[in-house]
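K.L.:
Below is the structure, and that's it, no one-letter string:
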Ligand SMILES: N[C@@H](CCC(=O)N[C@@H](CS)C(=O)NCC(=O)O)C(=O)O
C-alpha cells in the first residue's frame, strides 16, 4: 500500500492499520463535489462546476472501486464529457504507475506523471495519506476533486445531466434509504469483505471475514431468487457496486484471496444476475480481466511470491441468463 507523509512517498506495506490481523481500510481524503452550478456538495469545498472537458478520471481496470466510476460514466453516456486515463495493472512498491506498454493502459495524458503519487503531490504538496484510484481530477484548478468512488459515482449520476443521459437515475430519491442500507451491508461483507478475507494476517481474522462474506452471499442469493435486483425490480447503483466484486470473484478472489467456499458460478441466482449485468449495454467494455488478473496476482507478492498468473478459470459471462423471468422497472 503506497503511503505519503508530507508529500513524500514511504515504501513498504503498512500494517499499522491492522488490529488483531484484521485489514482496516483507510478513509479517502479528497472529498469535494462537482455540482451543476459549482455550489458546495455534501463535503469538501465548492467551486467545481460541472462542465464538459474539465474533469478527468484516473482509474485502474483492475480496481473494483475505480470500476464503479467507469460504469457510471458509461451508463450516463459521459464518455465525451469526462476523459479517462488507465494505470498499468502492476502496483509495485511506489504504487500505481503509468505505462502504456500493457494493452489497455495509458500514459497520464493530462499531467504527464509517471506515478500516481506525483499526482497527489501536485494536488497537495504536503499530502499525507494513501495513494489510491479512482481519482477525479479538475483540469482547471489542477487538483483532485475527490478520490472516493462512492461519491464520484453519485456526481456522475446527477451533476452532468446537461450533457449525459438525464433520464437514467441510479440513485432515485424514493429508494435512497433502501439503497444506502444494502450498500452498507454489501460494502462491509462483500466489497471490502473479500479484501478482509484475503489480507487477514491471522487465522481468526481470516475466519471471521470468510464466514461473514459467505453468509452475506447466501443472503443475497436468497434475495435475488425472489426479485430481479437488489432493490426490487429497479436497477440501481447498489447493483453496480455489487457487480464489480462479483465479476472479479471467480477469476481472482476464490484463489488469490482464499474466498473459496463456493464460486459465484455455484450460486444460481447470483451467477445469472452477474451475467445479466455484464451483458447490459456498454458494460462488458468496462471489464478487463487481463488487467484484473495481472494486477492481483502480481501486486501482492506476500500472497503470491511467484507472481504467476493462473490460466483459468474459463468464464462465460456472455452466456444466456434467466433473469427475464423477474419483472423489471425502467
Ligand atoms: N475508498 C476508496 C478505495 C479505493 C482503493 O482502495 N483503491 C485501491 C485499488 S483497488 C488502491 O488504489 N490501492 C492503492 C494501494 O493499495 O497502494 C474508493 O472506494 O474510492
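P.N.:
That came through, no problem. Only a predicted model underlies this, so the values are computations on that prediction, with no experimental measurement involved.
K.L.:
Only C-alpha atoms from now on, for both contacts and neighbour counts.
P.N.:
Fine.
K.L.:
so how many other residues sit close to residue 5?
P.N.:
Per other CA atoms under 10 Å, the neighbour tally for residue 5 reads 12.
K.L.:
Wait, it touches residue 125, no?
P.N.:
No: Residue 5 is beyond contact range of residue 125, at 10.2 Å (criterion: CA atoms under 8 Å).
K.L.:
mind listing what the residue of the stretch 101-250 of the chain found nearest the ligand touches?
P.N.:
Nearest residue of the stretch 101-250 of the chain to the ligand, counting by CA to the nearest ligand atom: residue 132, 3.0 Å away. By CA atoms under 8 Å, 6 or more residues apart in numbering, the contact list for residue 132 reads 96, 116, 147.
K.L.:
Can you list which of the residues you listed are found in helices?
P.N.:
Cross-referencing the contacts of residue 132 against helices under DSSP state H gives residue 116.
K.L.:
Turn the contacts of residue 132 into a markdown table, columns for neighbour count, pLDDT and distance to residue 26.
P.N.:
A markdown table is the format used below for the contacts of residue 132 (neighbours: other CA atoms under 10 Å; pLDDT from 0 to 100; distance: CA to CA, whole Å):
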| residue | neighbour count | pLDDT | distance to residue 26 |
| --- | --- | --- | --- |
| 96 | 25 | 98 | 17 |
| 116 | 21 | 98 | 17 |
| 147 | 24 | 98 | 12 |
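K.L.:
Of the contacts of residue 132, just say which sits nearest to residue 108.
P.N.:
Sorting the contacts of residue 132 by how near they are to residue 108, with CA to CA, puts residue 116 at the top with 9.0 Å.
K.L.:
got the phi/psi numbers for residue 248?
P.N.:
Dihedral angles of residue 248 (phi, psi; degrees, to the nearest 10) stand at phi -90, psi -10.
K.L.:
so is the closest residue to it other than its chain neighbours in a helix, a strand, or just coil?
P.N.:
Leaving out its chain neighbours, the residue that sits closest to residue 248 by CA to CA, 6 or more residues apart in numbering is residue 292, at 7.2 Å. Following DSSP: H, G, I helix; E, B strand; the rest coil, residue 292 is assigned to helix.
K.L.:
What's the local residue count around residue 292?
P.N.:
Residue 292: 21 neighbours (other CA under 10 Å).
K.L.:
Any idea how many residues pack against residue 50?
P.N.:
Residue 50: 23 neighbours (other CA under 10 Å).
K.L.:
Also residue 131?
P.N.:
Using other CA under 10 Å as the criterion, the residues surrounding residue 131 number 26.
K.L.:
got it, and residue 141?
P.N.:
Number of residues near residue 141 (other CA under 10 Å) recorded here: 12.
K.L.:
list the buried ones in stretch 63-74?
P.N.:
By 16 or more other CA atoms under 10 Å, the buried positions in stretch 63-74 come out as 63, 64, 65, 66, 67, 68, 69, 70, 71, 72, 73, 74.
K.L.:
List the contacts of the closest residue to residue 202 other than its chain neighbours.
P.N.:
Spatial nearest neighbour of residue 202, excluding adjacent residues (CA to CA, 6+ apart): residue 21 at 4.8 Å. Applying CA under 8 Å, 6+ apart to residue 21 gives the contacts 200, 201, 202, 204, 205.
K.L.:
got a winner among the residues you listed for most neighbours?
P.N.:
That'd be residue 200 among these, by other CA under 10 Å, with 24 neighbours.
K.L.:
right, and it touches residue 208 too?
P.N.:
No: Residue 200 is beyond contact range of residue 208, at 9.5 Å (criterion: CA under 8 Å).
K.L.:
returning to that earlier point: can you redo the contacts of residue 132 as a markdown table with distance to residue 90?
P.N.:
Listed next are the contacts of residue 132 as a markdown table, based on distance: CA to CA, whole Å:
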| residue | distance to residue 90 |
| --- | --- |
| 96 | 7 |
| 116 | 12 |
| 147 | 20 |
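K.L.:
give me the subset of the contacts of residue 132 touching the ligand.
P.N.:
Residues of the contacts of residue 132 in contact with the ligand (CA under 6 Å from any ligand atom): residue 147.
K.L.:
does residue 107 sit in a helix or strand, and which one?
P.N.:
According to DSSP states H and E, residue 107 maps onto no helix or strand at all.
K.L.:
Against residue 74, how distant is it?
P.N.:
Separation of residue 107 from residue 74 (CA to CA, to the nearest Å) stands at 21 Å.
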